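[1] Sequence first, predicted coordinates after that:
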Amino acid sequence: MSNHLKRLGDIFGSFVSKDFKRKRLQDESVTDGKPDEYSPVKLKEFKNKNEEIEENEFMSVDCFVKRVATFTDFCWCRDIPQLSPLEIARHGWASTRDDFMVTCDSCNQHLSLAIPDQDSGIRDSCINTAVGRLFSAHGEFCPWATTSSPAHLARIEVPDLEVVGRTAANIAQHQERLPYLKSCHVEKWQEVLKKISKDNLKDIDDERVKNSACILALCGWRPGSLEDTLTDVYAVRRIGLWNFVSIQDEDDILETQRVAEELGHSLEKDRCILPEGKEYLDPVTEHVSWHPLLQNLESGTPAQQYIIDQLCKGPSATCLIDKLGRKDSIRAIFKVRDIVEQW
């Protein structure tokens with residue numbers, strides 16, 4: 001009799017849904033306080049983590065800049081645009097401070113982006129492989145494995161003149177210790193300088209200090225955390241003001257020339273009369289080689305000239321529309337991806 005009952009139990013059990021059994025087993029594992037890796041609790045936690053990363057990491061400029069700030073080693077100054085720190089950071093990677101090694105904070109994976117020399121014969125193929133690995137080297141369930149930050153984060157952005165004015169006011173606190181900028185660097189920005197509000201600079205009397213501070217701000221410099229230093233927006237490149245000919249130094253040089261001429265001597269303004277160990281600052285080329293300001297647009301226009309042209313045109317509503325459009329496009333991509341995953 002017991003054998004017959006067992007047999008009937010097995011027959012009826014065969015009609016029970018496997019999904020029901022799996023759900024029951026998963027519920028039991030949760031009840032025991034030891035949720036399975038693919039239990040509803042774990043999947044919900046993973047989904048919440050994905051949503052949090054998508055909201056905060058992918059679209060966040062601050063998070064992007066924080067990743068870029070880890071690429072302080074000059075070994076990254078190599079002529080490989082596809083593997084510049086900006087592109088690498090856009091894919092969720094940050095430098096470990098070891099040679100060409102990067103890591104992802106989300107999945108804790110590591111990736112070496114060392115590329116052989118040009119004469120190796122395999123450089124191009126290694127670059128293509130490394131570019132593909134920016135996605136595939138992430139963990140299986142890492143959100144960065146399928147999504148990257150918007151491409152415009154790695155490109156040159158036209159600065160907001162109000163922000164430039166405030167930054168210039170902070171830079172101008174260095175007064176005549178600021179680098180003296182040659183006329184070739186000042187002239188190209190003349191029209192843009194007229195558009196910058198000088199309200200924040202009204203306490204500065206020296207026009208050269210105002211112009212120098214504004215041009216430095218336009219070129220992406222800001223006061224550094226250390227005294228008498230400037231740094232770029234990524235906090236990667238830091239320069240000491242003491243390394244460059246200052247506005248005060250330039251006054252001294254001109255005075256030396258004037259006195260020499262009065263005494264019947266002729267002095268040319270070359271390195272022999274420059275303060276020892278100092279040189280004139282070029283506010284653009286002093287950036288690291290992969291900085292957006294040193295790149296050319298697809299049209300071939302230098303980034304610096306593009307900024308000048310756009311600012312001379314004045315504020316444009318199309319710029320705001322373009323930014324909003326890019327943001328909405330990225331969100332649309334996220335939605336499409338979610339739909340495909342649920343299909």
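    Arrived safely, thanks for sending. Residues are numbered from 1 along each chain as shown.
[2] Give me the domain ranges for this structure.
    2-36, 60-145, 161-294 (automatic domain parsing).
[3] In this structure I171 contacts L216, no?
    Yes - the pair I171 and L216 qualifies as a contact (Cβ atoms under 8 Å) at a distance of 5.4 Å. Just so you know, the C-beta spots here come from the backbone N, C-alpha and C atoms, and that holds for glycine as well.
[4] of these two, who's got more company?
    Taking other Cβ atoms under 10 Å, I171 and L216 do not tie; L216 has more neighbours (25 against 20).
[5] Contacts only, for the more buried one.
    L216 makes contacts with A168, I171, L178, P179, L230, P283, as judged by Cβ atoms under 8 Å, 6 or more residues apart in numbering.
[6] In which helix or strand does it reside?
    helix 207-218 (DSSP states H and E).
[7] next structured bit after that helix?
    strand 221-223.
[8] export the domains of the chain to a markdown table and tack on mean pLDDT and distance to Q305?
    Converted to a markdown table, the domains of the chain look like this (pLDDT from 0 to 100; distance: least, Cβ to Cβ, whole Å):
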| stretch | mean pLDDT | distance to Q305 |
| --- | --- | --- |
| domain 2-36 | 45 | 58 |
| domain 60-145 | 93 | 19 |
| domain 161-294 | 90 | 8 |
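[9] Out of the ones you listed, which is closest to I308?
    Across the domains of the chain, I308 has its closest neighbour in domain 161-294 (5.9 Å, Cβ to Cβ).
[10] Now do that closest one: distance to the chain's middle.
    Computed by Cα atoms, centre = their mean, to the nearest Å, the chain-centroid distance of domain 161-294 equals 24 Å.
[11] Could you tell me the end-to-end distance of that domain?
    The straight-line separation of the ends of domain 161-294 (Cα to Cα, to the nearest Å) is 20 Å.
[12] Kindly report the same for stretch 280-300.
    Per Cα to Cα, stretch 280-300 runs 27 Å from first to last residue.
[13] So which residues make contact with it?
    Residues contacting stretch 280-300 (Cβ under 8 Å, 6+ apart): 74, 76-79, 81, 84-86, 154-157, 179-182, 185, 215-216, 219-221, 232, 236-237, 239, 244-245, 302-304, 306-307.
[14] Just the ones of the residues you listed in helices?
    Counting by DSSP state H, the contacts of stretch 280-300 place P85, L86, H185, I215, L216, A303, Q304, Y306, I307 in helices.
[15] Surely the second one and A151 touch.
    No - taking Cβ under 8 Å as the contact criterion, L86 and A151 are not neighbours in contact, 9.8 Å apart.
[16] ok, these two, which is more surrounded?
    L86 (23 against 12).
[17] Not counting sequence-adjacent ones, nearest residue to the more buried one?
    A154 (3.7 Å; Cβ to Cβ, 6 or more residues apart in numbering).
[18] And A169, which helix or strand is it part of?
    Counting by DSSP H and E, A169 is part of helix 161-171.
[19] What residues of that helix count as buried?
    Neighbour counts using 16 or more other Cβ atoms under 10 Å place L161, V164, G165, T167, A168, A169, I171 of helix 161-171 among the buried residues.
[20] T70: which of the residues you listed is nearest?
    Nearest member of these to T70, counting by Cβ to Cβ, is T167, at 23.1 Å.
[21] what's around the residue nearest to that closest one when sequence neighbours are not counted, how many residues?
    Counting by Cβ to Cβ, 6+ apart, A217 is the residue found nearest to T167 once chain neighbours are left out, at 4.1 Å. Neighbourhood size, A217 [other Cβ under 10 Å]: 26.
[22] ok, now C312?
    When counting by other Cβ under 10 Å, one arrives at 13 neighbours for C312.
[23] Next one: it, what pLDDT does it get?
    C312 is assigned 91 on the pLDDT scale.
[24] and it, how far is that from P283?
    Counting by Cβ to Cβ, to the nearest Å, the separation of C312 from P283 is 18 Å.
[25] do D99 as well
    Remark: distance between D99 and P283 (Cβ to Cβ) = 30 Å.
[26] So between these two, which is more surrounded?
    With neighbours defined as other Cβ under 10 Å, D99 and P283 compare such that P283 has more, 23 against 12.
[27] With adjacent residues omitted, what lies nearest to the more buried one?
    C219 (4.1 Å).
[28] Angles on the backbone of the one you found, please.
    Dihedral pair for C219: phi -90, psi 10, per degrees, to the nearest 10.
[29] Tell me how many other residues surround it.
    23.
[30] Also Q173?
    If you count neighbours by other Cβ under 10 Å, Q173 ends up with 13.
[31] likewise K313?
    By the criterion of other Cβ under 10 Å, K313 has 10 neighbours.
[32] Could you check how far it is from R133?
    Per Cβ to Cβ, K313 is found 41 Å from R133.
[33] same question, I204
    Between I204 and R133 the distance is 50 Å, computed by Cβ to Cβ.
[34] next one: F74
    Applying Cβ to Cβ to F74 and R133 gives a distance of 23 Å.
[35] Compare the two (neighbour count), which wins?
    Neighbours per residue (other Cβ under 10 Å) separate F74 from R133, with R133 holding more: 15 against 11.
[36] I figured that one was touching S112, is that so?
    No - judged on Cβ under 8 Å, R133 makes no contact with S112 at a distance of 9.1 Å.
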